[in-house]
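K.L.:
3D model of this:
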Amino acid sequence: MIRRHELTDQEWDALKELLPAGRRGRPREDDRRLLNGIVWKIRTGSAWRDVPERYGPWQSLYTWFRRWALDGTFTAMLGAVQARADAAGDIDWLVAVDSTIVRAHQHAAGARKGGATGRRPITPSDDPGAG
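P.N.:
Numbering: from 1, shown residues only. Model prediction:
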């Protein structure tokens, strides 16, 4: 049974060959379970310690997540999935640029009013006695 935050069979088939091959040492038990645990954590935004035990020890999930993040595995996976979807015509690369301008108050930017003194210079139009 596939649960709410787990990879579907189609998603797993697209990703399983993109995971790096095992290195020396202790082999990974179940890559799908491992990746499902990482996906569960990311999709829910919970702490690593709160990942359900059905995905394995949270320390292992964190270790593999960090390792794959640092060695570029996730970036390569995203690139490969995007390339496949683009080749199949599933991605519309239309980009909309919004040119809305949001002005901030001058004090929001840390600007000083009137230069270094903090005072505005007096001009002839400010003088009530000038004609």
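
K.L.:
how many neighbours does E6 have?
P.N.:
When neighbours are counted by other CB atoms under 10 Å, E6 registers 19. Just so you know, the C-beta spots here come from the backbone N, C-alpha and C atoms, and that holds for glycine as well.

K.L.:
may I have the phi/psi pair for the closest residue to it other than its chain neighbours?
P.N.:
Nearest residue to E6 in three dimensions, chain neighbours excluded: N36, at 4.6 Å (CB to CB, 6 or more residues apart in numbering). With angles defined as degrees, to the nearest 10, N36 sits at phi -60, psi -40.

K.L.:
what sits against N36?
P.N.:
5-7, 55 (CB atoms under 8 Å, 6 or more residues apart in numbering).

K.L.:
distance check, P52 against T63.
P.N.:
Here P52 is placed at a distance of 17 Å from T63 (CB to CB, to the nearest Å).

K.L.:
look at those two and report which has more neighbours.
P.N.:
P52 (15 against 11).

K.L.:
distance of that one relative to A87?
P.N.:
36 Å.

K.L.:
how much space between R84 and A76?
P.N.:
Counting by CB to CB, the gap from R84 to A76 is 13 Å.

K.L.:
same deal with A96?
P.N.:
Taking CB to CB, one finds A96 at 28 Å from A76.

K.L.:
which of these two has more neighbours?
P.N.:
Between A96 and A76, counted using other CB under 10 Å, A76 has the larger neighbour count: 14 against 4.

K.L.:
what confidence value was assigned to the closest residue to that one other than its chain neighbours?
P.N.:
Using CB to CB, 6+ apart and skipping residues adjacent in sequence, the residue nearest A76 is L18, 6.7 Å away. Note for L18: predicted pLDDT of 89.
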